[in-house]
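Student: Give me a model of this one.
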Amino acid sequence: MALEDALDETGEAIVTTTATNRWKWAMLLLASLLCACQPQGMVGIPQIATLPRKGVAGADKASKMALAGVQHGYHYYAYSNTQAITPMLKRRHIKMLRGEVAENCGGYSDCPSQGIPDTVAARGIGGYWLIFNEPGGEDGYSTEGSVYQAAHDACYAMQYIRRYDSQAKFIVGYYNGLEGTWGISRYASQYGLPSDLSQIIAGWHLHIYDGSLSIADFNAQLAMLKDKVLTFKRDVVDTVTPSAEIWLTEFGTLMRRRDGDTLWCDDLEQQAGCQCRFDHVDNNTVCIRYMQTLLGWLESAESPVTRYYWWNYGPPQPSHITEASWRRDVCYGSLTDVDGNLNALGRAFVAFGSTSPGPTATPTVATSPRVTATPTVTTSPRVTATPTATAVSPVDCQQCCQFCDCGAAPTATPQTPVSGPSCRPCESNSQCAVGERCYYCYGALGWRCVRISSPNGDCTKCRNRP
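Tutor: Numbering: from 1, shown residues only. Modelled structure (predicted):
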């Protein structure tokens, strides 16, 4: 899929670990925005959990990355002024460098000859570069040029970038055969590149949507994703490029149809089976549970994925729902609503994980979604305490998002606290003891009651119990 027409071309400065004050400001601003956007009566905000692998397609600016709780992103064009954002050269950009297609240098979107040197000047050498978007899809090698042309184009792009960045790290969009006899290594020497593929590229990137057009069984959908990733690692990475990284640059839910139907949910009159469409995602937990199922495995020790990017940040536009393009697909699985505010799925994404949590202060609920006060900057860019959920009253809990620790539902029998995880199967938080939550433990365990403070560690304990 492609987004660059809707993305900022100025290369807005992004937060880095050395930009302490900007990071603290962004996180505090995010906390205020999240709180202000909640229904009246809700006093809690989701925990911000940034994880080294976690990213979102389309979150390519400082403000978007802060709102989504991610530390890295990428552009769909050849420019970036920070190591936190990876630039991309699509096939059409490579044709521009070859002189086969005219550039339009009113911005960086269609001006790779300017974007590449400007990127190196802004962020220095040794940065990541994405080669291709979808070689078999948008880039068109499956209908024109095949692996032969893809190999030549990849080599041309890499040698061009190395004129400016001798230590560039290339993450190449995988196309069947690029790693083989008629792939990149066969023609690399013609472009002054090493013939050993492992010395040319740093990794591969993939788009995987297997099983996401319709959702029936979470474990079955997860199995499809795992099979694609692990088979790729076995057949390509381990065999040809053993040290290569794997980036999942697009994945997630496009849930556009029911089993056996075509484009069912592209008709806004259709309601059933469209839980991940922009107008339904706040009203159910199906899409959230699906996302958490996939992220749970991608963050596990079994996953070889170095970085992953959920499709997509948004915002969705209802007028695009019947358009046969990436704009239609933004209407499914978006983390933001039509106004650009985090929806229920976005809040779940932000809260996922347990490392490097953001601020957990409880701001006063504002009457407007705008921030009305300047937050105080603390002396530390990170909060290292283990995140905990914010408790709210049973009354407020009726309006509360699912990430608040509401305890037992008003009609449920009170539970007693536990010293360790109960590990009981569950479908909702109300079925768990005080201090526990219903959490997806990947694999055969499925959804289990584990402690709020240590869900991942408790999943391991549950798995090891006799």
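Student: What separation is there between residue 235 and residue 228?
Tutor: 11 Å (Cβ to Cβ, to the nearest Å). For glycine as for every other residue, the C-beta is placed from the backbone atoms N, C-alpha and C.
Student: With residue 423 instead?
Tutor: Residue 423 is 30 Å from residue 228, by Cβ to Cβ.
Student: re earlier: the more surrounded of residue 235 and residue 228?
Tutor: More neighbours surround residue 228 than the other of residue 235 and residue 228, with 17 against 11 (other Cβ atoms under 10 Å).
Student: tell me the SS of that one?
Tutor: helix (DSSP: H, G, I helix; E, B strand; the rest coil).
Student: Return the helix or strand in this structure with minimum mean pLDDT.
Tutor: One helix or strand of the chain scores below all others by mean pLDDT, DSSP states H and E: helix 394-397, with a mean of 28.
Student: Which is the succeeding secondary structure element to that one?
Tutor: strand 436-441 (DSSP states H and E).
Student: How much space separates residue 431 from residue 296?
Tutor: Here residue 431 is placed at a distance of 19 Å from residue 296 (Cβ to Cβ).
Student: cool, and residue 241?
Tutor: In terms of Cβ to Cβ, residue 241 sits 27 Å off from residue 296.
Student: So for residue 192, what's the nearest residue that isn't a sequence neighbour?
Tutor: residue 159 (5.7 Å; Cβ to Cβ, 6 or more residues apart in numbering).
Student: Let me see the contact set for that neighbour.
Tutor: Going by Cβ atoms under 8 Å, 6 or more residues apart in numbering, residue 159 touches 191, 192, 193.
Student: Would you map the strands across this structure?
Tutor: Along the chain, the stretches classed as strands by DSSP state E are 54-56, 73-74, 85-86, 88-89, 128-131, 169-173, 203-208, 245-251, 307-310, 436-441, 446-451.
Student: Residue 151: which of those is closest?
Tutor: Of all the strands of the chain, it is strand 169-173 that lies closest to residue 151, at 10.1 Å by Cβ to Cβ.
Student: Only the buried residues of the closest one, if you could.
Tutor: Neighbour counts over strand 169-173 (16 or more other Cβ atoms under 10 Å) mark 170, 171, 172, 173 as buried.
Student: Tell me how this structure divides into domains.
Tutor: Recorded structural domains for the chain (assignment: automatic domain parsing) are 4-351, 407-464.
Student: With mean pLDDT as extra columns, can I get the ones you listed in a markdown table?
Tutor: Below are the domains of the chain laid out as a markdown table (pLDDT from 0 to 100):
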| stretch | mean pLDDT |
| --- | --- |
| domain 4-351 | 85 |
| domain 407-464 | 72 |
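Student: most packed of those?
Tutor: Mean neighbour count (mean count of other Cβ atoms under 10 Å) peaks for domain 4-351 among the domains of the chain, with a mean of 19.
Student: what's the offset of that domain from the middle of its chain?
Tutor: 7 Å (Cα atoms, centre = their mean, to the nearest Å).
Student: before we move on, what about stretch 450-457?
Tutor: With Cα atoms, centre = their mean, you get 22 Å for stretch 450-457.
Student: residue boundaries of the helices in the stretch 201-350 of the chain?
Tutor: 218-232, 238-240, 286-298, 326-329, 344-351 (DSSP state H, counting those that start in this stretch).
Student: Compile these into CSV and extend it with columns for distance to residue 253.
Tutor: Shown next, in CSV, are the helices of the stretch 201-350 of the chain (distance: least, Cβ to Cβ, whole Å):
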stretch, distance to residue 253
helix 218-232, 9
helix 238-240, 29
helix 286-298, 6
helix 326-329, 10
helix 344-351, 9
